[in-house]
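Colleague: Below are the sequence and a predicted model for it; my questions follow.
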Amino acid sequence: MSTNINPRLTQVFRFVRCSYADGVAELVYAFDHGEELIERVRFPHAPALPSSHQAAFDQALKLLHLIAGVSYYKAGVPPRIDVADGPLDDATANLLDELYLHGLAEFAYRNGLDLRGRINFPRLGAGSEKASSRGGSTQPEAKALGLPHRTLVPIGGGKDSLVAVEAIKSIGGEATAVWVGNSPLIAACAERTGLPTLNIQRELAPGLFELNRLGAWNGHIPVTAVNSAILAVAAILYGFDSIAFANERSASAATLEYEGQQVNHQWSKGYAFERLLGDWLHQHVASDLDYFSLLRPFSELAVTRAFAKLTPYFDVFSSCNRNFKILGPKPADRWCGQCPKCHFVFLALAPFLPKPRLLSIFGRNLLDDENLAPGFDALLEYQDHKPFECVGEGAEARAAMYALSQRSEWQEDALVARFIREILSQLDVKELALEPWLQPSTEQRIAKRVLPALAFFA
Ligand SMILES: CC(=O)N[C@H]1[C@@H](OP(=O)(O)OP(=O)(O)OC[C@H]2O[C@@H](n3ccc(=O)[nH]c3=O)[C@H](O)[C@@H]2O)O[C@H](CO)[C@@H](O)[C@@H]1O[C@H](C)C(=O)N[C@@H](C)C(=O)N[C@@H](CCC(=O)O)C(=O)O
Ligand SMILES: Nc1ncnc2c1ncn2[C@@H]1O[C@H](COP(=O)(O)OP(=O)(O)OP(=O)(O)O)[C@@H](O)[C@H]1O
């Protein structure tokens with residue numbers, strides 16, 4: 001990218017081309033006629049692709065190109081989107097319109113932008129009723145590829161994916177722990193699972209960092225969608241029939257509502273995206289490739305209860321996202337203790353772990369630090385909205401805090417005592433029970449072969 005381009009002033013975001021050779025996918029983008037931005041995804045020890053799988057692979061790669069473009073599109077959000085390959089079928093255009101609008105909703109809100117009506121991927125037969133095909137696609141399924149009955153289990157370094165791993169291990173069968181990027185923390189968690197591992201490397205186009213320095217728009221992107229698309233390519237390449245994410249039910253709840261639009265930091269972890277991508281893969285890639293979340297029926301509290309039994313992971317895992325920066329310094333400890341993820345995971349594990357055990361994981365008692373009151377207030381949605389982070393619903397944070405307020409070993413800690421003193425009287429105690437949060441819901445799309453893994457949570 002020539003250094004004098006201000007991406008905020010560009011007119012067109014272009015999906016230039018994508019290619020794959022020798023285990024490396026190249027995804028190429030540009031603003032107007034500026035320099036190319038090239039993202040590379042490296043698939044280690046990639047096997048040769050059988051010719052019967054080529055068409056499916058090409059479709060998955062094309063979707064990855066379109067989805068990963070969100071990191072670059074956001075730098076300028078120009079009024080036009082151009083896809084060099086030509087317009088998209090309705091299902092593909094719908095998926096992308098939804099992903100870019102909702103996945104960038106936090107980005108738009110925090111930058112004071114309104115993306116409604118601005119994101120229109122070019123579609124075949126443009127002018128046809130966009131809304132009519134939103135309700136459910138009638139497109140037939142792609143053919144089955146006879147993919148091996150093996151599961152890719154993405155690992156994020158935190159508690160959720162480790163719970164999913166153990167649930168899948170409980171039913172036997174082949175599974176591989178897979179992660180994108182070069183985090184040593186995630187690598188250590190993946191090793192600890194005892195499963196075979198697969199580490200896919202992703203290099204953002206260096207030009208993006210230059211654009212950021214030049215004052216590009218910047219903010220949150222739906223990174224789970226990017227990881228999901230990478231894993232769909234991997235499933236076809238290496239031969240897996242299932243991709244089992246660990247996105248909990250609570251991820252579908254909006255962070256806040258603004259001018260009639262729901263803003264959800266975790267949109268691409270939510271059920272709406274899971275349905276869109278799962279259906280799209282069945283229609284365009286292979287009818288026997290299943291993409292789903294194994295934790296979809298469960299709240300964050302149900303997940304932390306399950307994780308509390310997984311002691312072998314206590315000295316390796318971390319949910320603190322500050323560990324996962326590509327650039328810049330990482331925290332000295334696995335838990336920074338300052339961010340909403342640290343606060344939430346501490347609070348959500350507390351009802352299910354002996355107190356000394358919890359303190360040994362975090363190295364300190366976050367609920368006994370007055371300075372952290374604003375952080376915990378936001379989690380409880382008390383005088384603030386839920387933080388822009390991957391945390392549970394306000395109501396489940398309140399249920400966890402209430403449970404602690406009833407226990408002598410926690411009652412005197414600064415923030416629990418403050419909850420009892422200042423907040424509890426404003427709440428309806430009937431709505432603070434922990435038990436309802438531990439019940440699974442029925443909404444899920446888990447592949448039939450993997451469904452018995454739900455017994456792990458009984
Ligand atoms: C680790 C993190 O939280 N990063 C966010 C942070 O980025 P920062 O500038 O502080 O440092 P880097 O992570 O090194 O990124 C440098 C710049 O690169 C761009 N970028 C990075 C990754 C990517 O996939 N696309 C990109 O465009 C971006 O311009 C960075 O500035 O702040 C950024 C700006 O707000 C965020 O975009 C970074 O978020 C990452 C994409 C990220 O991986 N975040 C996850 C921890 C995250 O938010 N996960 C969500 C998943 C929700 C979902 O729907 O997918 C969650 O756990 O809830
Ligand atoms: N780098 C990554 N590579 C592959 N999958 C990832 C990566 N980071 C996160 N994921 C997956 O995305 C989903 C959401 O991530 P999330 O951070 O919520 O989970 P987690 O790290 O397992 O748990 P926690 O909520 O404690 O952080 C999980 O299925 C996780 O495995």
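Modeller: Structure received. Ligands and ions are numbered 1, 2, ... in the order given.

Colleague: how about the helices in the stretch 301-450 of the chain?
Modeller: Using DSSP state H, counting those that start in this stretch, the helices found in the stretch 301-450 of the chain span residues 340-349, 355-362, 373-379, 394-405, 408-411, 414-418.

Colleague: wait, which of these is closest to ligand 2?
Modeller: Nearest to ligand 2 among these is helix 340-349 (6.0 Å), distances taken as CB to the nearest ligand atom. For glycine as for every other residue, the C-beta is placed from the backbone atoms N, C-alpha and C.

Colleague: ok, residues contacting that closest one?
Modeller: For helix 340-349, contacts defined as CB atoms under 8 Å, 6 or more residues apart in numbering pick out 158-159, 300-301, 304, 307-308, 319-321, 335-336, 358, 361-362, 366-367, 372, 375-376, 378-379, 387, 389-392, 396-397, 400-401, 404.

Colleague: Contact residues of the stretch 151-300 of the chain facing ligand 1?
Modeller: Counting by CB under 6 Å from any ligand atom, the residues of the stretch 151-300 of the chain close to ligand 1 are 204, 208, 212, 218-224, 226, 265-269.

Colleague: List the buried residues in stretch 11-30.
Modeller: Of the residues in stretch 11-30, 13-16, 18, 20, 25-30 count as buried by neighbour count, 16 or more other CB atoms under 10 Å.

Colleague: Residues touching stretch 109-119, excluding its own?
Modeller: Looking at stretch 109-119 with CB under 8 Å, 6+ apart, the contacting residues turn out to be 77, 79, 81, 96-97, 100-101, 104-105, 107-108, 217, 219-220, 256, 258-259, 261, 263, 388.

Colleague: Now restrict those residues to buried residues only.
Modeller: Using 16+ other CB under 10 Å, the buried members of the contacts of stretch 109-119 are 77, 81, 96-97, 100-101, 104-105, 107-108, 217, 220, 256, 261, 263, 388.

Colleague: Looking at the residues you listed, which two lie furthest apart in space?
Modeller: 81 and 256 (27.0 Å; CB to CB).

Colleague: Helix or strand next in line after the stretch of helix or strand residue 81 belongs to, which one?
Modeller: For residue 81, the element it lies in under DSSP states H and E is strand 80-83. Heading C-terminal from strand 80-83, the first helix or strand you meet, by DSSP H and E, is helix 90-103.

Colleague: which residues does residue 221 contact?
Modeller: 70-71, 74, 103-104, 107.

Colleague: can you confirm it is in a helix?
Modeller: No - Residue 221: not assigned to a helix; according to DSSP: H, G, I helix; E, B strand; the rest coil it is coil.

Colleague: My read is that residue 274 contacts residue 291, right?
Modeller: Yes - counting by CB atoms under 8 Å, residue 274 touches residue 291, with 7.2 Å between them.

Colleague: coming back round to it: residues of the strand holding residue 81 that come out buried?
Modeller: Buried, per 16+ other CB under 10 Å, within strand 80-83: 81-83.

Colleague: where's that strand relative to the chain centroid, distance-wise?
Modeller: How far strand 80-83 lies from its chain's middle: 25 Å, per CA atoms, centre = their mean, to the nearest Å.

Colleague: Just give the strands next to it in its sheet, each with its orientation.
Modeller: strand 12-21 (parallel) (DSSP bridges).

Colleague: avg pLDDT for the strand it pairs with?
Modeller: Strand 12-21 carries an average pLDDT of 98.

Colleague: now that strand, how far from the centre of its chain.
Modeller: Distance of strand 12-21 from the chain centroid (CA atoms, centre = their mean) equals 24 Å.

Colleague: Following that strand in sequence, what is the next regular element?
Modeller: As assigned by DSSP H and E, the chain's next helix or strand after strand 12-21 is strand 24-31.

Colleague: What is that following strand packed up against?
Modeller: strand 12-21, strand 37-42, helix 54-68, helix 70-76 (3 or more CB pairs under 8 Å, 6 or more residues apart in numbering; DSSP states H and E).

Colleague: swap the cut-off to 7 Å and go again
Modeller: strand 12-21, strand 37-42, helix 54-68 (3 or more CB pairs under 7 Å, 6 or more residues apart in numbering; DSSP states H and E).

Colleague: Can you add distance to residue 240 and give these back as JSON lines?
Modeller: What follows is the helices and strands packed on strand 24-31, written out as JSON lines (distance: least, CB to CB, whole Å):
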{"stretch": "strand 12-21", "distance to residue 240": "17"}
{"stretch": "strand 37-42", "distance to residue 240": "17"}
{"stretch": "helix 54-68", "distance to residue 240": "12"}
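
Colleague: Any idea which of these gets closest to residue 428?
Modeller: helix 54-68 (42.0 Å).

Colleague: Going by residue numbers, what spans are strands in the protein?
Modeller: Listed from the start of the chain, the chain has strands (DSSP state E) covering 12-21, 24-31, 37-42, 80-83, 150-154, 174-180, 197-203, 242-245, 256-258, 261-263, 290-293.

Colleague: Just to check, residue 104 is in contact with residue 73?
Modeller: No - using CB atoms under 7 Å, residue 104 is not in contact with residue 73, being 8.1 Å away.

Colleague: Pull the contacting residues for the spatially most central residue of the chain.
Modeller: When CA atoms, centre = their mean is applied to the chain, the residue found nearest the centroid is residue 224 (3.2 Å). Counting by CB atoms under 7 Å, 6 or more residues apart in numbering, residue 224 touches 268-269.

Colleague: Model confidence score at it, please.
Modeller: So, for residue 224, pLDDT stands at 98.

Colleague: Excluding sequence neighbours, find me the nearest residue to residue 292.
Modeller: Nearest non-adjacent residue to residue 292, counting by CB to CB, 6 or more residues apart in numbering: residue 445, 4.5 Å away.

Colleague: Pairing partners for the lowest-mean-pLDDT helix or strand in the chain, with directions?
Modeller: Ranking every helix and strand in the chain by mean pLDDT, DSSP states H and E puts strand 256-258 at the bottom, with a mean of 83. Sheet pairing for strand 256-258, assigned by DSSP bridges, gives strand 261-263 (antiparallel).

Colleague: What I need now is the helices and strands packed on strand 24-31 written out in CSV, including distance to ligand 2 for each item.
Modeller: Formatted as CSV, those follow (distance: least, CB to the nearest ligand atom, whole Å):
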stretch, distance to ligand 2
strand 12-21, 19
strand 37-42, 12
helix 54-68, 14
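
Colleague: among the ones you listed, which is nearest residue 189?
Modeller: Of all those, strand 37-42 comes closest under CB to CB, at 20.5 Å.

Colleague: how close does the residue in the stretch 301-450 of the chain that ligand 2 sits nearest to sit to residue 414?
Modeller: With CB to the nearest ligand atom as the measure, residue 319 is the residue of the stretch 301-450 of the chain nearest to ligand 2, at 3.2 Å. Residue 319 sits 23 Å away from residue 414, going by CB to CB, to the nearest Å.

Colleague: and these two? which has more neighbours close in?
Modeller: The residue with more neighbours, out of residue 319 and residue 414, is residue 319; 24 against 15, by other CB atoms under 10 Å.
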